[in-house]
Structure formats: structure tokens, C-alpha cells
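[1] predicted structure and sequence below. I'll ask about it afterward.
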Amino acid sequence: MNIYTTPGAVTITCHKRNALYLEQEIKELGFEQTETFVTGVRLKATVNECIRLNLNLRCASQVLYSLQSFEAGNADDVYNNIHQYPWEDILPDGGYFSITSNVSNESINNSMYANLRVKDAIIDRIREKTGKRPSTGAALTGAVIHLFWKDEHAEIFVDTSGDSLARHGYRAISGPAQMLESLAAATIYASRWDRVSPFVNVMCGSGTVAIEAAMIATNRRPGLFITNYAFMHLKGYDIQVYQQEDARLEEQIKEIPGLRIIATDHSAKAIESARKNAIAAGVGKLIEFAVCDFTATKVPPGVPGVFYVNPEYDERANEIMVLEETYSRIGDFMKQKCGGYFGYVFTGNLELAKKIGLKAKRRIEFYSSTIDCRLLEYELYSGTRTEPKVTETPPTTA
């Protein structure tokens with residue numbers, strides 16, 4: 001079987017609660033999902049099509065191409081089934097590969113043992129068939145094989161991604177408590193932003209949200225910045241297929257005349273980091289940066305747009321009163337300065353959010369790491385009721 005041209009079952013994983021937005025992306029790329037679940041989407045695709053998915057998806061983590069499903073009660077069953085697979089047709093002679101896994105089986109109390117049995121089965125098979133022993137390690141810099149094993153059902157995949165796609169590869173400088181790029185993109189997809197009207201991001205930190213907004217508006221994809229994928233290290237990889245998909249990334253970038261993305265922060269150091277990250281992402285000239293308290297941010301008047309803020313939400317006792325005041329000031333600013341906009345507050349603290357003093361029109365569920373978060377949407381009227389233009393109906397939320 002030629003995995004590059006034979007459609008197979010593909011599972012695209014994502015962080016919890018991002019699946020609706022991942023599904024939206026997949027449809028925009030011309031694919032149809034067969035199933036959407038809490039942490040991903042399933043569809044049919046070839047590995048060559050997985051190359052396109054890897055280069056274009058913003059909300060995904062891994063693109064996994066299924067090789068084999070089997071029943072396994074214990075680690076020996078895993079070894080025996082995987083040993084029978086023709087790995088000499090998948091992995092290059094003398095190549096390097098890594099094992100990752102998602103294991104929930106009562107016979108296993110350490111997933112690393114399952115990884116070891118998978119590694120042994122592959123090495124033993126290749127050595128028997130070719131007389132050569134591939135090298136292995138933890139770094140996801142070569143081919144990656146993924147084991148999913150729950151109860152007695154097991155499935156083995158080629159992970160075509162390698163390092164997580166959730167990190168988009170342009171960050172030159174990191175900041176404290178920064179939002180993951182895939183999460184930032186998902187929250188923008190969840191908003192009512194039309195990708196043309198002003199996008200105002202206060203308390204921008206290292207700039208992730210503003211940069212993702214600029215990239216989404218101009219159709220710049222993460223594949224522009226990521227140079228190593230696991231599919232590049234599989235036997236039979238055709239670099240011309242990758243080069244064709246890579247060239248499309250440049251061709252599909254579009255200019256948006258008059259686009260205004262505004263990002264402010266009280267920290268000069270944060271703004272300097274955000275500028276450098278924006279330049280690395282190719283959108284440095286598209287974002288208007290300023291050092292100021294968020295209340296001094298100049299919101300373009302008379303046009304519908306989006307106001308977005310991701311304030312701190314840590315409940316440490318010595319900071320709670322300061323945070324309460326900050327949330328209250330956010331509410332006042334939206335009421336006084338953002339008429340005609342939709343306001344969005346991303347927070348993991350709904351008690352603090354009450355201090356905003358406005359009724360949220362929607363409460364969209366997300367996770368940031370393990371923290372249960374909400375993207376709160378506020379419709380901010382200005383005289384007569386004016387709504388921002390909407391290009392897509394956001395998914396129904398809880």
C-alpha cells in the first residue's frame with residue numbers, strides 16, 4: 001500500500017473545545033470530516049493530502065494517518081501485532097524515529113512501557129527484514145509513530161506532524177502566561193470578526209492574539225514558518241509535493257486595504273517582544289503597536305469592529321482587589337469607548353468577570369492548558385443598534 005496516494009482514516013487532534021473551529025478550517029480547505037469529537041476530527045485522506053493539512057491548519061495539534069487497528073489485552077499483543085506490519089516499507093533504512101502514545105489499559109501502569117514495546121516491535125521487524133537497525137529517541141525530529149490504546153482497542157498511526165502544530169513557529173520571543181497560538185486562532189474564529197473591520201487587542205502581551213488576527217485576515221498559514229515535519233522522514237516522501245503545497249502558501253496571501261489591527265500594552269518590554277514576533281510572522285507592518293494603559297487605547301470610531309482582551313485571572317490573595325478593579329475598568333472602557341463594537345473578554349475566572357458589569361451575549365467554552373475558560377461576548381451599542389458584519393455564523397455554544 002502506498003500511503004502517499006491511498007486514502008486512509010486520518011485523525012486530526014486538537015486541544016479540548018477547539019474541535020468546532022478545526023472542523024471549520026478543514027471544510028474551508030475542501031475536506032469533509034466523517035466525525036467530530038471533543039479533541040479532534042476524523043476524515044479520509046492520503047498522506048500527500050496530510051501534507052496540505054499540516055501546512056494550513058491553525059487549530060490542530062497532530063495529523064495522524066492510521067496504519068492498523070487491532071485488539072490488544074496486554075503489551076505482548078501490541079508487540080505481536082505491530083511486529084507483523086511491514087515497517088520496512090514505511091521507515092527509511094537506518095533512519096530515526098520516535099514513539100508517542102495515548103494509553104488507557106488496565107494491564108499498563110506506565111505508558112512508557114507501551115512505547116518501549118512498540119519501539120522493540122518495529123526495530124525487530126526492520127532488523128529481520130533488512131539487517132539494519134534504525135535509531136530511536138524522544139526528540140520528535142524524525143519519523144513519529146503514534147499508538148492509541150484504550151481498553152482492548154489499539155490503533156497505530158504515522159504521525160505526519162511531529163512537533164505539535166498548535167505552536168505556529170513564528171514566536172521569536174516568549175512572554176509570561178502567553179496564549180497558545182492554536183487557542184488564540186480558535187477564539188478569533190469563534191468571534192464575529194469579519195476579518196476586515198478594526199480589531200483592537202489591549203493588554204496584548206507578546207502579541208499572539210493580534211498576530212493571529214493579522215495572519216487570519218491576510219490568509220497567512222503556519223506552514224510559512226515551520227520547516228520540519230515528520231512526514232519528511234518517511235520512506236517514499238516526494239519533496240516536490242511539499243514544495244508545491246509550500247508555494248501555494250505564498251500565493252494565497254492576500255492584502256486587505258485599510259485593515260487596522262491595534263495592539264496595546266502598558267509594558268514597553270511586552271510591546272517590543274510583540275513587535276519582534278509580528279515581524280517574524282511577516283505581519284509587522286499590519287499591526288499598530290502602542291505602549292499605554294488600555295484605557296488610553298484609541299479605538300477607531302464610527303465603524304463596527306472587535307475589541308479583544310485577555311486579562312490576568314490569577315486569584316492570588318494579594319492581587320484579587322487589583323484584578324477586580326481591572327475587570328471593572330474593562331467594562332467601563334467597553335461601554336464608553338467601544339460603541340458599535342463586539343467586545344470579547346477571554347478569562348478563566350467567571351467571578352472576576354462579574355466585575356465587568358455587562359451582560360454577556362454569549363459564553364463560549366475553551367480550555368487554556370487545564371483551566372476551564374470562557375470567551376465572553378458583549379454587544380456594545382452606540383446610539384442606534386449597529387452590528388459588525390459577519391462572514392460566518394459562529395458555532396452554537398453552551
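    Okay, I see it. Bear in mind that the values here come from a model prediction, so they are computed numbers and not experimental data.
[2] so where's the stretch 251-398 of the chain uncertain?
    315-318, 383-398 (pLDDT under 70).
[3] quick one: the helices in it, in order.
    Ranges of helices in the stretch 251-398 of the chain, per DSSP state H, counting those that start in this stretch, are 268-280, 320-337, 350-353.
[4] only the buried residues of the shortest one, if you could.
    Yep, that's helix 350-353 we're talking about. Across helix 350-353, burial judged by 16 or more other C-beta atoms under 10 Å covers Leu352, Ala353. C-beta here means a position set from N, CA and C on the backbone, and glycine is covered the same way.
[5] quick check: which helices or strands does that helix pack against?
    Here helix 350-353 touches helix 320-337, strand 371-379, going by 3 or more C-beta pairs under 8 Å, 6 or more residues apart in numbering; DSSP states H and E.
[6] quick one: mean pLDDT for stretch 134-143?
    Mean pLDDT, computed over stretch 134-143, is 96.
[7] next SSE downstream of the helix ranked longest in the chain?
    Criterion DSSP state H: the longest helix present in the chain is helix 111-130. Following helix 111-130 in sequence order, the next helix or strand is strand 135-136 (DSSP states H and E).
[8] which strands and helices sit next to whatever helix or strand comes next after that next one?
    Next in sequence after strand 135-136, counting helices and strands by DSSP H and E, comes strand 143-150. Judged by 3+ C-beta pairs under 8 Å, 6+ apart, the packing partners of strand 143-150 are strand 96-104, helix 111-130, strand 153-159.
[9] ok, now with 10 Å
    strand 8-14, strand 60-71, helix 75-83, strand 96-104, helix 111-130, strand 153-159 (3 or more C-beta pairs under 10 Å, 6 or more residues apart in numbering; DSSP states H and E).
[10] follow-up on the earlier one: nearest to Cys14, out of the helices and strands packed on helix 350-353?
    Relative to Cys14, the nearest member of those by C-beta to C-beta is strand 371-379, separated by 15.2 Å.
[11] roughly how far is that closest one from the heart of the chain?
    18 Å (C-alpha atoms, centre = their mean, to the nearest Å).
[12] and that strand, what's buried?
    Result for strand 371-379 [16+ other C-beta under 10 Å]: buried residues Cys373, Arg374, Leu375, Leu376, Glu377, Tyr378, Glu379.
[13] using CSV, list the CA coordinates for it.
    The C-alpha trace of strand 371-379 is given here as CSV (Å, rounded to 0.1, in the frame of the first residue of the first chain):
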residue,chain,number,x,y,z
ILE,A,371,-8.0,25.8,33.1
ASP,A,372,-11.7,26.0,32.2
CYS,A,373,-12.1,29.3,30.4
ARG,A,374,-14.7,31.4,28.6
LEU,A,375,-14.7,33.8,25.8
LEU,A,376,-17.3,36.3,26.8
GLU,A,377,-19.0,38.2,24.0
TYR,A,378,-20.6,41.6,24.6
GLU,A,379,-22.7,43.5,22.1
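[14] between that strand and helix 320-337, how big is the angle?
    If you take axes from the mean of the first three to the mean of the last three C-alpha atoms, to 10 degrees, strand 371-379 sits at 30 degrees to helix 320-337.
[15] could you dump the buried residues of strand 371-379 into a markdown table with distance to Ala214 added?
    Below are the buried residues of strand 371-379 laid out as a markdown table (distance: C-beta to C-beta, whole Å):
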| residue | distance to Ala214 |
| --- | --- |
| Cys373 | 23 |
| Arg374 | 24 |
| Leu375 | 19 |
| Leu376 | 23 |
| Glu377 | 21 |
| Tyr378 | 23 |
| Glu379 | 24 |
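[16] noted, bye for now.
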